[in-house]
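J.: Have a look at this fold, sequence not included:
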């Protein structure tokens, strides 16, 4: 048993599958969507299902498993967005808001297939995350406008239908990536790369893969430690003998690289050129078509900082796909895979969802049973509440009777408590409320000052305490003296000053404390009429 790699080839801006290629180390099989007179005989969804059925049959016959699913670059683009962070959700949101920095900022021309509409029609609609995979590339970079993040936009509706067809047939796969990723991996560090001191000094971790496809498309990708940093494509002219690469095509390619290098802050130190057989030298305007050696020499002249490796297989796509099949990259970090497609729920995950739904249904039934049980108790609670309400109304009616109010004056109010407060307040306002006049505390203190004036320095005042000015409160005066007979003199002064003829009845006592005497005067308020 061995793993196979699957390449999805699309056309019409990536809206439908043109062919599916199943590749192993010693096998290569292709399924093509049936056509009659150049037109498809079935719709896109049926073709996707038929392709998945073909994959399932091939794997079943040969006893193999499916590894990577590779999506071609048809209808895709690579650009920049201004985003708050390099997180996938932030990048998709920024792209959806129209924060994209188009390739036109770098003088890069977007090339489409001959059967695709012009660039304005193809890209002006800005596919959403529902229509396309919008994936961040590598790390983010600071710019004058803020944080810039490379973004890969790949229309993937038909790819999702194909993956769903695989899941329905129980076909598991190792991951989903794009042909750009595969080309970048193919240019990873090799022996010539690591042995070159010049390359290591300049940019030891960035490599570039260039792939010239027979159908007339040149795609390239920069890769560092397995993560794609930048990518792009050019459409080439076609001849009966193969694609035509001119000097202007190479100049446009180098122009793209210079612009991306300024944004990424790095440049490739190794370039791997893998090209199919090119057309000879037919007339091509004012220029002649370049052979593979001429193309390599031109790249070396215009990008002298890198070591250039050349491969010229009959089928370069087959070679890079077999290399990807060997690598089996399974990282889900930005720049390594088509994360949205790689994490798309498969058959096993759908089974988990189904089990979760059944669990929710079971929980709902259990809650319904509990609800029925509680329904029987609700009636009992309602009966208890009615009994409490009847007792409450009876208490309110009793309060009405005590206040002499008509029946229903309080019990009929929406808030009986407020009605009681209101009635009591009205009764209080209507009644004659009298209060006893205040006690003559100030006058008594003035009389004490006269008393202290008569006694002079013979006593030392310690404290004057007023315990209460209502009821049977008292005034308490404490003094210290050396004269034992001073108590009699104080009682005489109380009579002379008339202090016992007022609101307070005074009395004085003394107590010896060593060689001195403590004198205490107590004044008690006289009882008023009506006091018990």
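T.: That came through fine. Since the model is a prediction, treat every value here as computed from it, not as a measurement.
J.: Following the chain onward from the worst-scoring helix or strand of the chain on mean pLDDT, which element is next?
T.: Between all helices and strands in the chain, the lowest mean by mean pLDDT, DSSP states H and E belongs to helix 119-123, at a mean of 35. Where DSSP states H and E defines the elements, the next helix or strand beyond helix 119-123 is strand 132-143.
J.: Starting from that following strand, tell me which strands it pairs with and how they run.
T.: Strand pairing for strand 132-143, using DSSP bridges, gives strand 146-155 (antiparallel).
J.: Which positions in the strand it pairs with come out as buried?
T.: By 16 or more other C-beta atoms under 10 Å, the buried positions in strand 146-155 come out as 147, 148, 149, 150, 151, 152, 153, 154, 155. Every C-beta, even on glycine, is put in place using the N, C-alpha and C of the backbone.
J.: again with stretch 393-401
T.: Judged by neighbour count (16+ other C-beta under 10 Å), stretch 393-401 contains these buried residues: 396, 397, 399, 400.
J.: would you say the first one is within a strand?
T.: No: residue state for residue 396 (DSSP: H, G, I helix; E, B strand; the rest coil) corresponds to helix; a strand is not indicated.
J.: mind listing what it touches?
T.: Contacts for residue 396 (C-beta atoms under 8 Å, 6 or more residues apart in numbering) come out as 410, 411, 416, 420.
J.: what comes into contact with stretch 398-405?
T.: Residues outside stretch 398-405 that contact it (C-beta under 8 Å, 6+ apart): 406, 407, 408, 409, 410, 411, 420, 423, 424, 427.
J.: Next, name the residue at the spatial heart of the protein.
T.: When C-alpha atoms, centre = their mean is applied to the chain, the residue found nearest the centroid is residue 89 (8.7 Å).
J.: can you give me the strands in the stretch 251-400 of the chain?
T.: Shown for the stretch 251-400 of the chain, the strands assigned by DSSP state E, counting those that start in this stretch span residues 270-275, 283-284, 287-288, 307-311.
J.: one step back: you'd agree the residue nearest to the centre of the chain is in a helix?
T.: Yes: per three-state DSSP, residue 89 lies within a helix segment.
J.: follow-up on the earlier one: per-stretch mean pLDDT over the strands of the stretch 251-400 of the chain, give me the minimum one.
T.: Comparing the strands of the stretch 251-400 of the chain by mean pLDDT, the weakest confidence falls on strand 283-284, with a mean of 50.
J.: re the thing from before, from the contacts of stretch 398-405, which is closest to residue 301?
T.: Looking at those and their distance to residue 301, the nearest is residue 420, at 103.0 Å (C-beta to C-beta).
J.: shouldn't the closest one be in contact with residue 410?
T.: Yes: in this structure residue 420 lies within contact range of residue 410 using C-beta atoms under 8 Å: 6.0 Å.
J.: who has more neighbours, those two?
T.: When residue 420 and residue 410 are compared for neighbours, residue 410 comes out ahead with 23 against 18, by other C-beta atoms under 10 Å.
J.: The more buried one belongs to a strand?
T.: No: assessed with three-state DSSP, residue 410 is coil; it does not lie in a strand.
J.: you'd agree it is up against residue 416?
T.: Yes: with contacts counted by C-beta under 8 Å, residue 410 reaches residue 416, the gap being 5.2 Å.
J.: sorry, back to before: same list, the buried residues of strand 146-155, but as TSV with pLDDT and distance to residue 97 please.
T.: Shown next, in TSV, are these (pLDDT from 0 to 100; distance: C-beta to C-beta, whole Å):
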residue	pLDDT	distance to residue 97
147	79	14
148	80	15
149	81	13
150	82	17
151	86	13
152	87	18
153	88	14
154	87	19
155	86	19
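J.: Let me have those in CSV, extended by distance to residue 16.
T.: Formatted as CSV, those follow (distance: C-beta to C-beta, whole Å):
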residue, distance to residue 16
147, 36
148, 33
149, 30
150, 27
151, 24
152, 20
153, 18
154, 14
155, 10
